[in-house]
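In: would you be able to build a 3D model of this:
(chains A and B)
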Amino acid sequence: MKSTDRLALALGVAMTLATLTLFELTSDRGMLFVVVPVIAVIMAISALSRRFGITSWLIHLWQLLVLVGIGLGLGLGANPESGNWLSQLWQLYLEGLLHIQTSSAPMSPSPGVRWLLVLLVGLITIIADILVISLATPAWSLAPLLTLYAIPALALPSDVSWRTFVPLALAYLVVMATDSLNQLAGWTRNLAEDNAARSHSQSGIWRMATVVGVPAIALSLLLGAVLPALGSLDIDSKRPRGSGPIQLQDPTVELNRNLAQQSERVVVTYRTTSQTGEYLRMTALPVMDRSGWKLTTMDLRQGSSPGRPSGTSASSPTVTSEITTGDFSSQYLPVPYAPTDVTVEGPWGYDPRTLTMVSTADNNSTATRNITYRVTSVPNTPDPAAFSQARAGTPPDSAITKALPSDVPQEIIELTAEVTKDAPTDVLKAAAIQDFLRDPRQFQYSTQAPAGDGYEVMSNFLLRDKAGYCIHFASAMALMARIEGIPSRVAVGFLPGTQEGDTWQVQAKNMHAWPELFFEGFGWVRFEPTSAVADAPEWTVTSGDVDPSPSASQSASPSATSSSNTAEIPTAGPSIDMGDDPLPTEGGGFPWRQVLTGLGILAAVLAVAAVPGLARMLVRRRRFGESVTDPHEQVAAAWAELRDTFWDARERWPSGSPRERAAVLSMGLSENSTAAIGRLADAVERSRYARALGSVPQGLVDDVRTVSSELRLRQTRAGQFAMKWAPASLWRNLMAHFGR
Amino acid sequence: MLKPWQLLTARGWTFLVAGVVGTIAAMSFGQRDLVWLFALLVLLPVAAVVVVGRSRMQLACERRLEPGRTAIGERLIAHLDLTKRDQWPLGLLRFEETVPRELGRRPRFTVHQFTGEWTRRVSYPLVGLARGRYTVGPLLVRAQDPFGLAHIDRRFRSVREVMITPRVVPLSSMSTAPGSGQSGESTPQKIGLVGQDDVLVREYRAGDDVRRIHWRSTARRDEIMVRREEQAWDPAATLFLDNRPASHAGQGRENSFEWAVSALASIGMHMIRSGFRTTVVDCEGQLLEASSQDPAAAREALLVAMTDEDFSQTTDLKVATEACGQYKAGDMMVAVMGRLTQADVQALVTMRARRSQGLALVLDVDTFTARRFRGTPEQADEHQASIDLLRRHAWRVVDVKHSMGVDEAWRSLDRMGASL
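Out: As a prediction, the model looks like this:
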């Protein structure tokens, strides 16, 4: 096995291992079946061509052409539409980009994303091949591997799993150990007989690499866990400072997490004058588009007294609640709907349209932790008889809450028409939709989200999987209501919880989402399509068949499928700007900024790595420069440069007088260099011991150059690289300088 | 013992520095996943230093050479037996044998066995590329970790001496040139041991000098008998080697000087084996007086002397002439010369003085070197004239070309003797 074969094989293995890190970003396991052959082909080209001694740049050109060919083949195969092949590829590219921008990690499988990732991995494999084999600098294989690792590491707000790190570390160690193996294999020479078998020795080096490498990886994981994080780098978000815009966090992220964990931790306790407990509402998601339900820009007002909302008369009874939060962090204040007056410490603002209370403090993401506040609210409890005749209204933000995207799948529209075909009024249509969703024969509660993405989630939920949790029931109902022309939005908050004496306790798993529909004369009215966790409000039950689901206040563990601990995140948009930026930013999409930052860091690392080489060059320039005018100093500088050159070439600098040194150094050098060293030694002797040196001998610098160029030529390519960029003399001089 | 940081290679230092900087940066940014990576970069060199520093290398090394000396251009085999007795198995070991360039490339081998104890046996060839005495060893060893981050160098103590002697060619006996008596049958030692009358005559052969007919024996035997010798002589030879650098040309083993040394060693061996009292002289004076020693010791002394023979800094033959001044009966003169000048011929003639024979192997040094290193035409002319002059002084001179072997030159001397 030639050394290049060995390196190519190791690189193939390493790149495959490094590809595993991408599964933090995408859940497309099938990608591996494409990526591994691509890596194998690229490395096979490298190994075979090098056997035939083909020039490096030609090999890489060939690899690049093959990668382009694979890209074309995959791209056209993935997108079998007719038409211009270029536009097909362009479409695929756009699709992949859109998918990246609109979904959050881990992304669901998409042909466009797969295509882009395969090309990315292929390109990085070629770069790794250049670094490791063509330039013979295996230690730099860290750079391409780090590139793959840095994408999930920097882009994801949370840390990647240690299971992602371990393959990457192994990949790097495999390359390094292979390099050592090659060095050792090339070391043996000029032997007549040897009693050791070769294969034996190879397994020895791998075992040693395991013994050194595996504990190092384990310890580094441990160290990473122990070392404190001194700060945080959230390069995605703008930090709220002063009166700048406030970042709104996506409440559904918290919702998904709490539901997935089914944590029974009590997060909120409250006393209320209401008999049935209160839904504690945090915020509402009024925007509906292809990626799901999202927040919109808020028009925050300072203060904490929103006043009575439209649709409630002054005579409506008020409810007063005293709420205490525990270990629960949010920027949204959980309040019963609709709050008219809130007594709470700290700076808070409210949005009059969604009646959301948002903390305007600097660090507002933990604003709700351990606080107690008092809320006066006006519950919106319409009279069922009057309500059943109500018509859909027009809220102030109807441009958002009534808007139905044009690309809603036809099958959902048809389903909605089918469900509501017998209902005469808008309210009854809504009730019919709620009944349809509450039917336990139709829909199952499950903490496992339906598969897919965008509208696919809704279609899969309504027509195929028929299983999901509150956010899907609420989203589906709100969407179907919009299809019927009723303004709708999805509210996020907590179920009333369980009553203990005169206090109510709300657990983390009680987090909930429900639809709110707008009716003329009644305002925003709460519906409850999730039968597994709560009863339907009485005003929405229009017929006699009250469904037999358990009562809301019990709200025990909603289903047995609590095993899943990786909730899919169906909606995007973890944050939006309020005020300045009317458009939702593309948060949660592909983090180009992070990638660019990663590349910037990489460039910085490269720059730092180049420092020793540059410093050595500066030293040389200063020694040969015009600034040294004293002949003695010139001679000494030339002699020191000669010594440093030998050190750089990893040669020994012998001891003794200049003449003795010259004799030892000349061994094995050509006549030119021998003569040059002799002249230098002579000059040094005269400079040190003669009464007068006179003028500096001519060609001193050229003599040094002659020797150094010969030393360089005798190195391997790696040796030459090390001589230039990792000059040993620099360390030795520094060490000598500080050692005394 | 080296400090731990002295064990790190450049790559190890790079890892350490990059790892520390990266870890701090990743910590300050709160990127735990990057902390893992950079912590690994810190831990790897640390682990490497531990592994390399712990391998104390309790190694024993034994070296044998077969044979202990060899002629220039010949091979010899060295055997190394390495034994490790240690419980700590780690560290990849690279070995390099210290071999002077005159004995060929340095042999190298590796040991990366995972076991704590092992024995290893390797053999490597040595080729004598230049004459001289050399030391083989010590064996150098470098232990490194599997990722090339740290290493430690050690050297064994034991060394062996190797002698690369000049090539000694067995020479054929000849009748005209001395070496084993005139007849080629009996050795000169026997002459003094037996009775004169009986043995000192033999039957006449064609070509014998009429004046040597022993009439008394002829009458008794009724056939013509001749005296073998007037008296028992004590055979002696003075060998002179011209070792002035100016007289020789050529590179390395192809140098004419090497040919001259080889020729002188061969002739000297031949003479000693043939019972001659042999004296070797070069431009620095007398090198060897082999009369008092037994032949084996004399041959050994000659071989050592010729192994150590090197160029002299003298430019004339004055010292040599003085060294050849003591004449003994039966002495003869053999000179191996490089490029000749008229002055050299005068010196040679003085050296020979009253010696019975003067034999000279004169090397045509220009044939030993590339065209551009040859002497000037004037030198060549003087050389040719000097050879002629030497011949006129009754020297037997062979003009040796590069292609000629020592034995061949010796036999031409013989033929020349026959033709005289």
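
In: what's the neighbour count on residue B:161?
Out: The number of residues packed near residue B:161 is 12, by other Cβ atoms under 10 Å in any protein chain shown. Heads up, the C-betas are built off the backbone N, CA and C, glycines and all.

In: same question for the one 4 residues further on.
Out: Using other Cβ under 10 Å, residue B:165 has 23 neighbouring residues.

In: which ones are touching residue A:4?
Out: Residues near residue A:4 by Cβ atoms under 8 Å, 6 or more residues apart in numbering or on different chains: A:46-47, A:50-51, A:133.

In: again, only this time at 10 Å
Out: Under the criterion of Cβ atoms under 10 Å, 6 or more residues apart in numbering or on different chains, the neighbours of residue A:4 are A:46-51, A:132-134, A:136, A:182.

In: one more: residue B:80?
Out: Taking Cβ under 10 Å, 6+ apart as the contact definition, residue B:80 lies against A:191, A:194, B:61-64, B:95, B:97, B:107, B:109, B:120-124, B:137, B:139, B:156.

In: filter these to the buried ones?
Out: For the contacts of residue B:80, a burial check counting by 16 or more other Cβ atoms under 10 Å in any protein chain shown picks out B:61, B:63, B:95, B:97, B:107, B:109, B:120, B:122-124, B:137, B:139, B:156.

In: from these, which land in strands?
Out: Here DSSP state E is the test, and these give B:61, B:63, B:95, B:97, B:109, B:120, B:122-124, B:139 as lying in strands.

In: quick one on the thing from earlier: now the contacts of residue A:4 in CSV, with distance to residue A:166, neighbour count and secondary structure?
Out: As requested, the contacts of residue A:4 are arranged in CSV below (distance: Cβ to Cβ, whole Å; neighbours: other Cβ atoms under 10 Å in any protein chain shown; DSSP: H, G, I helix; E, B strand; the rest coil):
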residue, distance to residue A:166, neighbour count, secondary structure
A:46, 26, 30, helix
A:47, 27, 22, helix
A:48, 31, 14, helix
A:49, 32, 19, helix
A:50, 30, 20, helix
A:51, 33, 11, helix
A:132, 21, 25, helix
A:133, 25, 23, helix
A:134, 29, 17, helix
A:136, 27, 20, coil
A:182, 25, 21, helix
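
In: now those as TSV including pLDDT and distance to residue B:403?
Out: Putting the contacts of residue A:4 into TSV (pLDDT from 0 to 100; distance: Cβ to Cβ, whole Å) gives the following:
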residue	pLDDT	distance to residue B:403
A:46	93	52
A:47	93	50
A:48	92	49
A:49	92	48
A:50	90	46
A:51	89	44
A:132	91	53
A:133	90	50
A:134	90	50
A:136	87	47
A:182	88	47
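
In: would you list those residues in JSON lines and tack on distance to chain B?
Out: JSON lines is the format used below for these (distance: Cβ to the nearest Cβ, whole Å):
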{"residue": "A:46", "distance to chain B": "22"}
{"residue": "A:47", "distance to chain B": "22"}
{"residue": "A:48", "distance to chain B": "27"}
{"residue": "A:49", "distance to chain B": "26"}
{"residue": "A:50", "distance to chain B": "21"}
{"residue": "A:51", "distance to chain B": "24"}
{"residue": "A:132", "distance to chain B": "14"}
{"residue": "A:133", "distance to chain B": "16"}
{"residue": "A:134", "distance to chain B": "19"}
{"residue": "A:136", "distance to chain B": "13"}
{"residue": "A:182", "distance to chain B": "10"}
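
In: now the residues you listed in CSV, with distance to residue A:355?
Out: Supplementary listing: the contacts of residue A:4 in CSV, determined by distance: Cβ to Cβ, whole Å:
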residue, distance to residue A:355
A:46, 63
A:47, 67
A:48, 69
A:49, 68
A:50, 69
A:51, 73
A:132, 60
A:133, 64
A:134, 64
A:136, 67
A:182, 69
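
In: all helices for chain B, in order.
Out: B:4-7, B:10-29, B:32-54, B:188-191, B:196-199, B:215-221, B:256-273, B:295-308, B:318-323, B:342-352, B:377-392, B:406-419 (DSSP state H).

In: how far out from the middle of the chain is the last one?
Out: In other words, helix B:406-419. Shown here is helix B:406-419, whose average C-alpha point lies 25 Å from the average C-alpha point of the whole chain (Cα atoms, centre = their mean, to the nearest Å).

In: likewise for the longest one?
Out: Average the C-alpha atoms of helix B:32-54, do the same for its chain, and the two points are 53 Å apart (Cα atoms, centre = their mean).

In: apart from its neighbours in sequence, what residue is nearest residue 39?
Out: If you meant another chain, say so; for now it's chain A. Among residues not flanking residue A:39 along the chain, residue A:15 sits closest, at 4.8 Å (Cβ to Cβ, 6 or more residues apart in numbering or on different chains).

In: look at chain B instead
Out: Counting by Cβ to Cβ, 6+ apart, residue B:39 lies nearest to residue A:220, which is 3.9 Å off, once chain neighbours are set aside.

In: host element of the one you found?
Out: With elements delineated by DSSP states H and E, residue A:220 resides in helix A:198-226, which encompasses its position.

In: buried set for stretch A:50-69?
Out: Residues of stretch A:50-69 classed as buried: A:50, A:59-60, A:63, A:66-67 (neighbour count, 16+ other Cβ under 10 Å).

In: export it as PDB, just CAs?
Out: Output for stretch A:50-69, consisting of C-alpha atoms alone and laid out as PDB, is shown next (Å, rounded to 0.1, in the frame of the first residue of the first chain):
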ATOM      1  CA  ARG A  50      -1.100   9.600  -7.600                       C
ATOM      2  CA  ARG A  51      -0.100   6.000  -8.300                       C
ATOM      3  CA  PHE A  52       0.500   7.100 -11.900                       C
ATOM      4  CA  GLY A  53       2.300  10.200 -10.800                       C
ATOM      5  CA  ILE A  54      -0.100  12.700 -12.300                       C
ATOM      6  CA  THR A  55       0.400  16.300 -11.300                       C
ATOM      7  CA  SER A  56      -1.600  17.500  -8.400                       C
ATOM      8  CA  TRP A  57      -3.500  20.300 -10.100                       C
ATOM      9  CA  LEU A  58      -4.600  18.000 -12.800                       C
ATOM     10  CA  ILE A  59      -5.900  15.500 -10.200                       C
ATOM     11  CA  HIS A  60      -7.900  18.300  -8.500                       C
ATOM     12  CA  LEU A  61      -9.300  19.500 -11.800                       C
ATOM     13  CA  TRP A  62     -10.400  16.000 -12.500                       C
ATOM     14  CA  GLN A  63     -12.000  15.700  -9.100                       C
ATOM     15  CA  LEU A  64     -13.800  19.000  -9.600                       C
ATOM     16  CA  LEU A  65     -15.100  17.900 -13.000                       C
ATOM     17  CA  VAL A  66     -16.400  14.700 -11.600                       C
ATOM     18  CA  LEU A  67     -18.100  16.500  -8.800                       C
ATOM     19  CA  VAL A  68     -19.700  18.900 -11.300                       C
ATOM     20  CA  GLY A  69     -20.900  15.800 -13.200                       C
END
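
In: what residues does that stretch touch?
Out: A:2-5, A:7-8, A:38, A:41-49, A:118-119, A:121-123, A:125-127, A:129-130, A:133-135.

In: just the buried ones from the residues you listed?
Out: By the neighbour-count criterion of 16+ other Cβ under 10 Å, these include these buried positions: A:3-5, A:7-8, A:38, A:41-47, A:49, A:118-119, A:121-123, A:125-127, A:129-130, A:133-134.

In: on that earlier part again, mind putting the ones in strands among the buried ones among the contacts of residue B:80 in CSV, distance to residue B:264 included?
Out: As requested, those are exported to CSV (distance: Cβ to Cβ, whole Å):
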residue, distance to residue B:264
B:61, 39
B:63, 32
B:95, 40
B:97, 33
B:109, 40
B:120, 43
B:122, 38
B:123, 34
B:124, 32
B:139, 36
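
In: which of those residues are close to chain A?
Out: Checked against chain A using Cβ under 10 Å from any Cβ of the partner chain, those yield the following neighbours: B:95, B:97, B:109, B:120, B:122-124.

In: which single one of those is nearest to chain A?
Out: Among these, residue B:123 lies closest to chain A (Cβ to the nearest Cβ), at 4.0 Å.

In: list the contacts of that closest one.
Out: The neighbourhood of residue B:123, defined by Cβ under 10 Å, 6+ apart, consists of A:191-195, B:64, B:66, B:77-80, B:107.
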